[in-house]
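> Provided below are the primary sequence and the corresponding predicted coordinates.
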Amino acid sequence: MKAKRLGLVALLSVVTLAVAADPVAAQASATSELINELNGQLMYVAVPITILVEVILFYTVWKFRKSESPKPTKENRRLEITWTVATAIILLFVGVASYGVLANENVTYEGGNPIDDTDDGVVVQADAFQWGWNMTYPEHGYMSAPSGENGPRVVVPVDQPVYFMVTSQDVLHAFHAPQLGLKQDAIPGQTNTIRTVPQETGTYQGYCAEYCGVAHSNMYFTVEVVSQEEYQQFLDEQTSDDSGNSTSSSLDASPDLVAAGSA
């Protein structure tokens with residue numbers, strides 16, 4: 001019996017250490033950092049509860065495995081009050097922690113038009129259509145994002161606010177860049193804005209997360225996070241291009257032409 005208890009204690013200790021170990025990992029954006037921190041806090045609550053329930057379950061099954069005439073349970077008000085209060089405390093913690101994340105502007109942006117209301121940051125218009133994306137920079141004369149192998153390539157600077165104004169030309173779509181923690185519905189006739197601050201340079205895959213028709217799986221785009229110097233160089237190259245073929249277009253560009261340019 002003593003050996004079983006020691007084994008149980010050792011198992012619980014290993015699990016606790018695994019949960020408590022919080023490796024410092026670089027987060028791609030302020031949004032993903034907030035979401036991952038919340039997930040970690042919820043894990044700290046969920047894992048001990050799960051372990052406690054499982055231990056009680058296995059203990060009960062083991063102790064009464066040979067009981068042929070079990071006795072009915074008796075009312076225990078102290079126990080009922082205890083788990084009711086404990087549940088209320090846990091729910092309060094989850095609610096407060098979740099609200100703190102949801103209220104952050106990098107998760108739920110409630111500002112106005114970022115073009116008019118912000119002095120810093122980069123604004124990108126993400127205009128979805130069947131079946132592609134028209135990514136433009138409205139602060140720079142609606143300059144179109146260059147198209148690459150995986151659709152439009154949106155270039156943004158690191159450590160600077162980025163606003164994505166998401167809308168749709170036809171049916172419901174969804175802007176989704178999972179590594180950056182970004183997701184927003186693209187609704188016809190409505191513009192929804194999401195905000196983040198990229199924290200790590202690199203290329204992040206994005207796609208449409210709302211089934212929108214036969215070529216839904218082709219609706220890719222990439223977000224390339226670069227240094228401020230590289231971003232300025234990118235702007236200079238785009239604005240100095242006099243050809244006007246692929247680097248300059250308006251929001252009213254035909255979806256067929258944009259799709260052909262992305263092919």
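Sure, I can see it.
> pLDDT weak spots in the stretch 151-263 of the chain?
241-263 (pLDDT under 70).
> make it 50
Along the stretch 151-263 of the chain, the parts satisfying pLDDT under 50 run over 242-243, 245-263.
> could you pull out the strands for the stretch 51-200 of the chain?
122-129, 132-137, 143-144, 147-148, 151-157, 162-168, 173-177, 182-186, 192-196 (DSSP state E, counting those that start in this stretch).
> Of all these, which one comes closest to residue 103?
strand 192-196 (13.0 Å; CB to CB). Backbone N, C-alpha and C define where each C-beta goes, glycine included.
> and for the closest one, what are the contacting residues?
With CB atoms under 8 Å, 6 or more residues apart in numbering as the test, strand 192-196 has contacts from 29-31, 105-106, 109, 111, 113-114, 121, 161-167, 175, 180-186.
> continuing past that strand, what's the next helix or strand?
strand 202-208 (DSSP states H and E).
> now for that following strand, which elements pack on it?
Applying 3 or more CB pairs under 8 Å, 6 or more residues apart in numbering; DSSP states H and E, one finds that strand 202-208 contacts strand 173-177, strand 220-226.
> helices or strands up against the first one?
Right, the one you point to is strand 173-177. strand 122-129, strand 182-186, strand 202-208.
> And the longest one, by the same measure?
Contacts defined by 3+ CB pairs under 8 Å, 6+ apart place strand 220-226 against strand 151-157, strand 202-208.
> Which among those is found nearest to residue 137?
Short answer: strand 151-157, nearest of those by CB to CB, at 8.8 Å.
> Pairing partners for that closest one, with directions?
strand 147-148 (antiparallel), strand 220-226 (parallel) (DSSP bridges).
> Any chance of CSV for these, columns mean neighbour count and distance to residue 59?
Formatted as CSV, these follow (neighbours: other CB atoms under 10 Å; distance: least, CB to CB, whole Å):
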stretch, mean neighbour count, distance to residue 59
strand 147-148, 18, 58
strand 220-226, 22, 51
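> and residue 185, what is it in contact with?
Here residue 185 is in contact with 166, 172, 173, 174, 175, 192, 210 (CB under 8 Å, 6+ apart).
> Max pairwise distance over those: which two?
Top of the distance list for the contacts of residue 185 (CB to CB): 192 and 210, 12.6 Å.
> Overlap in contacts, these two.
Joint contacts of residue 192 and residue 210 (CB under 8 Å, 6+ apart) are 185, 186.
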